[in-house]
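Student: Fold the following and give me the result.
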Amino acid sequence: MSVAILGAVVASLPALAFWASWPRRVWAAWAVAAASSAVWLAGFTVVAPGQRRVWVGIGAWTLFAAAYAAYVVSRNGAEYDRLEAALEQTRKRRDALREEVDRAKALGSKTEAESREVLALYGLVKGLSEALTWEEIRPRLETAVQQFLGLEEFALYVSDLRAQSALHPLVSRRLGASVGAAWETLNRYLQERRVPLTTPHVMESPDRAVLAPIREGAELMGYFFARVPGGADAEALLKKAVAFADETAFAFRRLKLFQEVERLSQTDGLTGVARRGVLDQRLRDEAVRAKTFKTSFCLMLLDIDHFKRLNDTYGHQFGDQVLRRIGEILRFSVYETDFVARYGGEEFAILLPRAEPAGVLRKAEAVRANVEKEEFALGLDSVHVTLSIGIAHFPRDGATPEEVLHQADQALYHSKESGRNRATDIATVRKL
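Tutor: Residues are numbered from 1 along each chain as shown. Now for the predicted structure:
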């Protein structure tokens with residue numbers, strides 16, 4: 001075999017070693033180097049003696065090239081491992097950064113949703129706090145529940161101003177025969193399951209609903225009941241319902257305080273009936289209404305007989321006791337549509353819309369009799385007082401509130417001049 005051909009084969013082995021061992025198979029490079037050595041040694045048997053010097057050079061070069069290939073592969077393999085480790089770290093940092101970005105996006109979405117809820121809650125508080133009557137606050141509550149809580153089936157109960165235990169519906173929507181449609185059934189449910197009225201609660205049956213008390217401190221001002229929509233998170237909805245109830249409690253407190261202040265400003269502190277200024281306005285309003293609808297009304301003036309003598313004899317505290325009790329008797333002796341006021345001193349007035357003369361006279365006699373039989377305790381004794389009453393009608397006895405008031409006062413004067421403890425209709429006086 002020609003030395004040139006054999007040498008070319010042997011000389012190509014280092015390149016083969018480099019190709020076979022890349023990037024990290026160092027063993028392949030050394031295996032090719034060993035094979036090159038074996039081929040080189042075997043070549044001495046076929047190479048002519050005169051060409052052995054050339055063959056030795058070829059072999060030395062081949063062995064050196066194969067060894068260098070193994071070295072390069074070994075060195076590059078370490079570098080490759082380092083680069084791969086660095087790349088793996090880069091991948092991990094990329095994945096961690098991607099997770100951080102995802103968390104940031106999720107947090108941003110949550111923050112945005114919370115911001116919308118805060119703005120909605122702010123709008124809720126602002127809207128509710130501007131209401132000064134239950135009629136004004138009712139539609140605002142419905143809108144607030146729908147926008148802030150996203151609910152359509154709910155009821156909201158409110159306590160009476162003076163009877164905290166009595167809850168009545170202020171708002172009720174689409175509850176049908178639900179346990180929350182009436183306070184009696186809802187309260188029975190809570191009692192049977194021993195759920196305190198002051199504790200928020202998730203109901204699982206017979207309805208899936210959230211229940212949140214509307215309270216300020218220990219005072220129960222109302223109660224919120226809402227069905228949970230299908231698939232909704234009841235616990236998350238309960239938290240929002242509690243936040244809604246807290247803000248609603250503030251609005252209820254403000255509204256009740258406003259009404260109480262308004263009531264006190266219109267109510268006589270001693271007798272519990274309306275003040276004179278309120279009576280004057282009601283008289284004007286009733287006159288306008290009567291003229292518009294072609295109806296009538298009656299004005300009754302009542303005076304406690306010999307009241308100055310009572311004060312002088314038994315003291316002003318006893319006089320106050322008499323005024324207070326007569327105010328109570330008058331309030332409970334008339335219909336809800338009638339209006340009782342303190343006219344001044346020991347005088348009272350009763351405004352009776354759409355009242356007929358005969359019926360008014362019977363009512364006046366009943367009031368007079370109730371006061372006459374009342375016993376006012378004074379130590380071991382009791383004292384009786386009487387009333388004189390004057391009656392006038394609109395438009396029969398006057399075309400204006402002032403004229404009717406004057407005629408009622410004239411009738412009252414006639415009762416006193418006729419012996420007191422009696423009721424007089426001004427129409428009977430004119431006939432005399």
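
Student: which stretches of this protein form helices?
Tutor: Here the chain has its helices, by DSSP state H, at 3-21, 26-43, 52-129, 134-144, 183-192, 234-266, 276-293, 307-314, 316-333, 357-373, 401-417, 426-431.

Student: which sections of the stretch 151-300 of the chain are below the confidence cut-off?
Tutor: Along the stretch 151-300 of the chain, segments meeting pLDDT under 70 span 161-165.

Student: sorry, back to before: flag whichever of the helices of the chain has the least confidence on average.
Tutor: Ranked by mean pLDDT, the helices of the chain bottom out at helix 3-21, which scores a mean of 59.

Student: who's in contact with D268?
Tutor: D268 makes contacts with A274, R275, G327, A341, R342, as judged by CB atoms under 8 Å, 6 or more residues apart in numbering. Heads up, the C-betas are built off the backbone N, CA and C, glycines and all.

Student: nearest spatial neighbour of the last one, skipping sequence neighbours?
Tutor: If I follow you right, that is R342. Distances taken as CB to CB, 6 or more residues apart in numbering place D268 nearest to R342, at 4.4 Å, with adjacent residues excluded.

Student: Give me the distance between the one you found and A341.
Tutor: According to CB to CB, to the nearest Å, D268 stands 8 Å off from A341.

Student: Need the overlap of contacts for the two.
Tutor: The contact sets of D268 and A341 overlap at A274, R275 (CB under 8 Å, 6+ apart).

Student: follow-up on the earlier one: may I see the contacts of D268 arranged in CSV, with distance to M203 and neighbour count as well?
Tutor: Listed next are the contacts of D268 as CSV, based on distance: CB to CB, whole Å; neighbours: other CB atoms under 10 Å:
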residue, distance to M203, neighbour count
A274, 44, 21
R275, 47, 18
G327, 46, 19
A341, 48, 26
R342, 50, 25
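
Student: Count the residues that sit near the residue nearest to S172 when sequence neighbours are not counted.
Tutor: The spatial neighbour of S172 that comes closest, neighbours along the chain excluded (CB to CB, 6+ apart), is A155 at 4.3 Å. A155: 24 surrounding residues under other CB atoms under 10 Å.

Student: And for the one 3 residues further on?
Tutor: When neighbours are defined as other CB under 10 Å, V158 has 23 of them.

Student: Okay, domains of the chain per the record?
Tutor: Domain ranges of the chain: 3-93, 137-262, 276-431, per automatic domain parsing.

Student: could you dump the ones you listed to TSV with distance to A106?
Tutor: Converted to TSV, the domains of the chain look like this (distance: least, CB to CB, whole Å):
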stretch	distance to A106
domain 3-93	20
domain 137-262	16
domain 276-431	59
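
Student: Nearest approach to R103 belongs to which of the ones you listed?
Tutor: Closest to R103 of those is domain 3-93 (CB to CB; 15.3 Å).

Student: For the residue nearest to S172, which residues are in contact?
Tutor: Applying CB under 8 Å, 6+ apart to A155 gives the contacts P169, V171, S172, R173, L175, G180, A181, L186, F224, F225, A226.

Student: Who does it form a beta bridge with?
Tutor: Using DSSP bridges, the bridge partners assigned to A155 are S172, F225.

Student: Skip the chain neighbours and tell me the closest residue to R422.
Tutor: Using CB to CB, 6+ apart and skipping residues adjacent in sequence, the residue nearest R422 is S415, 5.0 Å away.

Student: And for that neighbour, the neighbour number?
Tutor: Here the number of neighbours of S415 (other CB under 10 Å) works out to 25.

Student: Next one: it from L323, what distance?
Tutor: Distance from S415 to L323, counting by CB to CB: 19 Å.

Student: cool, and G359?
Tutor: Distance, G359 to L323, by CB to CB: 27 Å.

Student: Same check on G231?
Tutor: From G231 over to L323 (counting by CB to CB), the distance is 64 Å.

Student: Surely V145 and A226 touch.
Tutor: Yes. In this structure, V145 is within contact of A226 by CB atoms under 8 Å, at 7.2 Å.

Student: Between these two, which contacts overlap?
Tutor: Contact criterion CB under 8 Å, 6+ apart; residues shared by V145 and A226: L151, F154.

Student: residue nearest the centroid of the protein?
Tutor: With distances taken as CA atoms, centre = their mean, F244 lies nearest the centre of the chain, 1.7 Å away.

Student: which of the contacts of A155 sit farthest apart?
Tutor: Farthest-apart pair in the contacts of A155 is R173 and L186; separation 14.9 Å (CB to CB).

Student: which one of these two has more residues nearby?
Tutor: L186 (21 against 15).

Student: So what's the residue count around the closest residue to the more buried one other than its chain neighbours?
Tutor: Excluding the flanking residues, the one nearest L186 by CB to CB, 6+ apart is G180, at 5.0 Å. Here the number of neighbours of G180 (other CB under 10 Å) works out to 25.
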